[in-house]
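Colleague: Fold the following.
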Amino acid sequence: MYIAKVVFFDAANGGRFTPPMSGFHPQITAGEFHTSCIVGMESEGIRFDFNLEHTVTLELMYPEEYGNLITTGSKIKFFEGDKMIGEGLIIGEKADHIEGIDRS
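Modeller: Take a look at the predicted model:
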């Protein structure tokens with residue numbers, strides 16, 4: 001799981017008509033790869049206000065295939081279909097969710 005600073009765009013800026021909520025599943029690109037992810041916060045149902053920076057968690061849907069392609073400093077873009085709805089920057093990894101580390 002990654003930590004990122006992201007901004008989601010409103011319709012006037014080419015993005016969504018309704019703000020996304022924590023737990024939504026956009027497509028993500030970083031460099032040449034394209035996959036799905038879950039954008040989260042500490043609680044589900046938190047709304048991401050448009051055009052403001054948010055610190056979020058990103059969980060890749062297929063980390064075994066793409067997890068090694070994202071690193072701290074990677075620029076990312078979010079899509080719904082062919083519409084870019086946001087962008088951001090990976091600022092770190094959340095160690096308690098990294099495969100192989102047991103925090104219980």
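Colleague: Return the residues in contact with the residue nearest to residue 52 when sequence neighbours are not counted.
Modeller: Excluding its sequence neighbours, the residue lying closest to residue 52 (CB to CB, 6 or more residues apart in numbering) is residue 7, at 6.7 Å. C-betas here are computed from N, CA, C, even on glycine. Neighbour list for residue 7: 51-54, 86-88 [criterion: CB atoms under 8 Å, 6 or more residues apart in numbering].
Colleague: Among those, which one is most surrounded by other residues?
Modeller: Ranked by neighbour count (other CB atoms under 10 Å), those have residue 86 at the top, with 25 neighbours.
Colleague: pLDDT value on that one, please?
Modeller: With respect to pLDDT, residue 86 scores 97.
Colleague: got the phi/psi numbers for it?
Modeller: phi -180, psi 170 (degrees, to the nearest 10).
Colleague: now it, which residues is it bridged with?
Modeller: Beta-bridge partners for residue 86, by DSSP bridges, are residue 8, residue 78.
Colleague: Pull up the gap between it and residue 52, please.
Modeller: 11 Å (CB to CB, to the nearest Å).
Colleague: Just the buried residues of stretch 34-42, please?
Modeller: Neighbour counts over stretch 34-42 (16 or more other CB atoms under 10 Å) mark 35, 37-41 as buried.
Colleague: Oh, that last question was meant for stretch 66-82, not what I typed.
Modeller: 66-67, 70, 76-78.
Colleague: I appreciate the help and will end here.
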